[in-house]
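K.L.:
All I have is the shape, not the residue letters:
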């Protein structure tokens, strides 16, 4: 864990240049707009260690599966978000010597990710090996307003020489994914054109035929005046560029504006791509760079209005939570229901595929509370659209009916190839059902059930029905051979969480069926017909619900993570020598499997999801047993423990877990930030504040808050959108204040007491406290 | 299952040429001598589907591991037996047109593997596309007498044309392993020399620096007279050859003799390789081809004297058992204790590494009974020499003490990379301990314990000690997270077989310690010191033996394969629709894991190994439960079931299982013979005759036979070497006859009655019967 970034409320700041941390910074300073994005690579050439990365949402490649030993049922490919055309490049030469920070002495380096306004800027003074000193300032955006547009202002001042500066803005499509399974390149060139003012380049993927057209224009000014020099036009394989030679005097200021557009065949016909890119580009250039910055700041202002969390008295925590919210907002904007949230967003390539259960378990709650409900709804629709593929997936694995959603997917098909996960981590089906419940419960949009939700629920319930088997000598239904959320156990029998979520899915499906039958009779008939729903099925679900087997230890009063868990030697994490941690780097896999140590919340995940069905004592006994043996080696783990700790009044533990999740990438806690940020787990950080410290729940259509103060902050506040109102909740030790920022009145319960906040009104309640 | 080979007592015969079955035949007709060997590729060029394969025992390559998802503890490489220089090649051109059976009309094709005399011969008439007809006869040996020598006689007769026949004998080292993980070639050229009479070629492996020198000489005769033409000498990258043009008339007979030597740096200094190859070659050529054939037949005669099994009244079974014995004898001769028995011998590349637990569980019994005991002993010494690496392997996986032998190895290091097997299929340790018991029990060589055995036993016992854990609420020791012999279950708790063999190892180790202490006091002291043996350890082993947990079902009176086995839905294989079989091709991996179906003998393997500790009723109950749910999708399974079925008097079942194992490759039962033969499981076939039908056991230093007749044979006989004597046991329905082929008298028990067979004498006992 190396902290080299400066603490600041609104910005991420790096104040010196270190090639050792360049790849980490490339991840952390990434910018995007939900439609495209990329790592914080340098505009000018850079020969040091770097992962050049520029990604277009939804443009992927089915990379041939690589395995050691094939297992039947594995998918043929792993879908990878594609590293696509580098549109930021502006190469610089000083009298023929490339400006390359890896080969210069660099001083006054400063890189800033301005999260308030959505800009990435950089300034430095570089001295080349032949002694030429130049000052550079750049600022770059990926526009939140014009989703196809990125823009750069790049200025150079020679400090101690006169000579020629050669400027080469370009588009380079000859790139490759770092994680390519067989070291292949995934793009073919379709066409290109370079001209004196810019150019365009169209590539298509070698499989699936995604087309991406990138186009750029540029302006060069010397001391504010356009440079007259005639550019040399460059066309190479998958590359277009223009080179301009500018004679300069010491102290001159050379400014390059580069505007780029990236459009894809996901949104345009093949014949329209070049024109679409051209017109987006023209409009951006006509607006001008300053206007782009202004509208960018305004757009981010709107995002913050909906989602900001303010922490007083702890700048580090303030910076961290804003970083998490910023990354989430620039990864997914929810406007396109074909998109989802990749575990690294636009910040890296690892885990290639776009969608994991992270979306339903962690991201949906964030978007439910911080954005229009249509956005969370789009995340649900994404799965609805994949229902047929999930049914096919179940058939492929030998099920006669039902749907098994994939562990990792881009287009609904399973991508992952690790049997203990691909085939056995089926609890993901439960999370997908739970997200429907969560959405309907939060928004009150019960119509969603009849429209889309019920079909998904029924097919998942059917899957569970077939997946369990009845054991006569126990008079119970069991579920054998699964992997729970805790991936440090594989192929276990009766994972409590999975069994519980399976039975819960059936319950909720029956409830939803009853609701639609009662309230939307004709839709019900239509659905029953479409789904060929049998009474014998629903009767079977009731029987399974009644007879589901749940491993438990009566003596300790806890649920057992799986059959036989207490046959393990129970050792606490605190008793493990520090040199053994993290286990996943220090121990062999079998040792991890045999040990009692838990990677991430498992029983506790269930107690969080189904929190209203378990009393505090039950939660406490389980937390007291499982927390000390959990190593939190998944970024998705500490947030759940933090939320439960808050609920149980374990304030110190809640805060410890919050810290672990919130600065994971900023402090490179897991020593892997260079691969990209842990984007989806950032939603968990948000949850640990709002669901954890804030105690937010929605029970029986009512907003409930039980705020506590983790004890290190003067105050904190968060925003929640709930059924048309947007509330700002501010918590101090003395009181909880809820301000309604909209004209829609809201009712809520704070610490057990009911309040109504009128439109634009404010209510105050007793301060942060804990109710255990 | 396609039967295209002719049934014959002593030969494998193919009577027509079919490119579709060429790769299967390449495997089946393979020849070798324990030192080198290769597939039955054609001498002349062949452009059809083919796996060219020539292998040198012990020459391997550490091919970089390929995995989908890395797990801590995986080895960096998988060792592969190397496909090495093709020394059989003799290209033929008829007036410039290559003789290539894939491009000719082929008639009168006949390929014969003469198992009695150890030759591979082939004859055919081929007509080229331009109408030239030629008759070819070839015969090839890999000498059992001169281990470095291979020799070929290749004769051609033009039947309908006069013209030029071009003959090119060569050595080609530009070959590659079919199973190379990253499509790399593994050899570099060191030096070469081609001359008019032959040439040599030295290659070395890109890693580990194994050097192999191949050398060849040739003679060409036209109608019995040496051909005068001056050869053209060829040198290319990793290739030497000579081309001779011979003008021929229709009806002329052209005969090529090619002698090749292959020597390796395993046996010679680098500077000696060329000379060593040269002198082996010279001596072979001087002896002449006929003498080589004669000595080959004599050497194989000796092998058959020791190991033949004669079956009267069933030619198919006769051929099959001889094929199994022949393959075993040409794969491993036991003279080099650095070598072991690869699962495919010299017949293919699959499973790359050389040594699996197959050696101890299946091959040791075969060599114990059919060869000098020094040979089985060498197989044990092989593991003794790897003890330090097995200790290192245990450390790597996190054990403080003890040794874990690898699942797959070439030099003692683990090669395999599948966590559920590599890390969890630890029962292999039990088989390695068992082989020591088996050897000592069979041979009476108790001195082996003090010399080598005890060290291995103690380190394995220590491993088991650390691998189990005590569970207070059960007052038992359990073993969590293992994979038993049945690989259709992974990461289970308390696999009965593994727990049983672990406790048994400790028992036998204590017994062996006591024996050495009592009989070899000073050696005991020396060993106790070397091993730093503590009394607390042996006390702990006694405690574990007493408190080992064995899953069982009281009601059915059976041992349970693992915890929770009866929670599965128990379905019999006969009730599975045929289109679902074999499961490993038809079902997804998770479905296989969740099902009750067993890949190979598991509980029953234990009941076979520890057969003298369980009564027939116990064996029967377990057999009756497990046999119907076993799919035998491992080639190692049916033989164990066959042996137990014989013991239980289930004659039909015993015979059914015998058929399944004995003609596995000849009938391509598993549809994979083209990858190579199932060499190690061939020892299981032998066991199902000798231990199964013959009922051979050694109890308290006494040979015991309980022969039965599977009911389809007039009679059968087998050889057994036992403590200096060699006995031929002949079984008919009427009587069991034991002839002593040596002068060493032998005592034995037949059907419970004691007999002594004098030197060169014979005894007869009652006929085949079953004692249940």
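P.N.:
That came through fine. Predicted model, so just to flag it, every value in this text is computed and none were measured.

K.L.:
Find the closest residue to chain B in the stretch 601-750 of chain A.
P.N.:
Nearest to chain B, among the residues of the stretch 601-750 of chain A, is residue A:633, at 11.9 Å (Cβ to the nearest Cβ). Where C-beta positions appear, they are placed from N, C-alpha and C, glycine not excepted.

K.L.:
how does chain A divide up, domain by domain?
P.N.:
Here the domain parsing of chain A from automatic domain parsing is A:5-67+A:75-304, A:308-348+A:636-772.

K.L.:
and chain B, which of the ones you listed is closest to it?
P.N.:
Among those, domain A:5-67+A:75-304 sits nearest to chain B (Cβ to the nearest Cβ), with 4.1 Å.

K.L.:
Over to that closest one now: how far is its first residue from its last?
P.N.:
Start-to-end span of domain A:5-67+A:75-304 (Cα to Cα, to the nearest Å) is 22 Å.

K.L.:
Look up which helix or strand the residue of the stretch 601-750 of chain A closest to chain B falls in, please.
P.N.:
Assigned by DSSP states H and E, residue A:633 falls within no helix or strand.

K.L.:
My guess is it contacts residue A:580. True?
P.N.:
No. With contact defined as Cβ atoms under 8 Å, residue A:633 and residue A:580 do not form a contacting pair (11.9 Å).

K.L.:
Between these two, which has more neighbouring residues?
P.N.:
Neighbour count, other Cβ atoms under 10 Å in any protein chain shown: between residue A:633 and residue A:580, residue A:633 has more, with 19 against 16.

K.L.:
what residues are up against the residue of the stretch 601-750 of chain A closest to chain B?
P.N.:
Going by Cβ atoms under 8 Å, 6 or more residues apart in numbering or on different chains, residue A:633 touches A:488, A:582-584, A:599-600.

K.L.:
With residue A:335 instead?
P.N.:
By Cβ under 8 Å, 6+ apart, the contact set of residue A:335 is A:34, A:375, A:378.

K.L.:
burial count for the second one?
P.N.:
So that's residue A:375. Neighbour number of residue A:375 under other Cβ under 10 Å is 18.

K.L.:
Show me where chain A dips below the pLDDT cut-off.
P.N.:
Scanning chain A with the threshold set as pLDDT under 70 gives A:1-2, A:767-772.

K.L.:
show me where the stretch 401-550 of chain A has helices.
P.N.:
Taking DSSP state H, counting those that start in this stretch as the criterion, the stretch 401-550 of chain A carries its helices at A:419-422, A:427-443, A:447-448, A:454-467, A:496-519, A:521-531, A:535-547.

K.L.:
scratch that, the stretch 551-700 of chain A
P.N.:
For the stretch 551-700 of chain A, the helices defined by DSSP H, counting those that start in this stretch cover A:583-586, A:589-594, A:603-609, A:616-626, A:638-648, A:651-662, A:679-687.

K.L.:
Sort out which residues of the shortest one are buried, please.
P.N.:
Of the residues in helix A:583-586, A:583-584, A:586 count as buried by neighbour count, 16 or more other Cβ atoms under 10 Å in any protein chain shown.

K.L.:
Show me how far that helix is from its chain's centre.
P.N.:
Centroid separation between helix A:583-586 and its chain, computed with Cα atoms, centre = their mean, to the nearest Å, is 25 Å.

K.L.:
Does it reach chain B?
P.N.:
Yes. With Cβ under 8 Å from any Cβ of the partner chain as the criterion, chain B is reached by helix A:583-586 at A:584-586.

K.L.:
quick one, phi psi at the closest residue to residue A:265 other than its chain neighbours?
P.N.:
In space, not counting the residues next to it along the chain, residue A:265 is nearest to residue A:211; the distance is 3.9 Å by Cβ to Cβ, 6 or more residues apart in numbering or on different chains. When quoted as degrees, to the nearest 10, the phi and psi of residue A:211 stand at phi -110, psi 140.

K.L.:
Dig out what residue A:211 forms beta bridges with.
P.N.:
With DSSP bridges applied, residue A:211 shows beta-bridge pairing to residue A:204.
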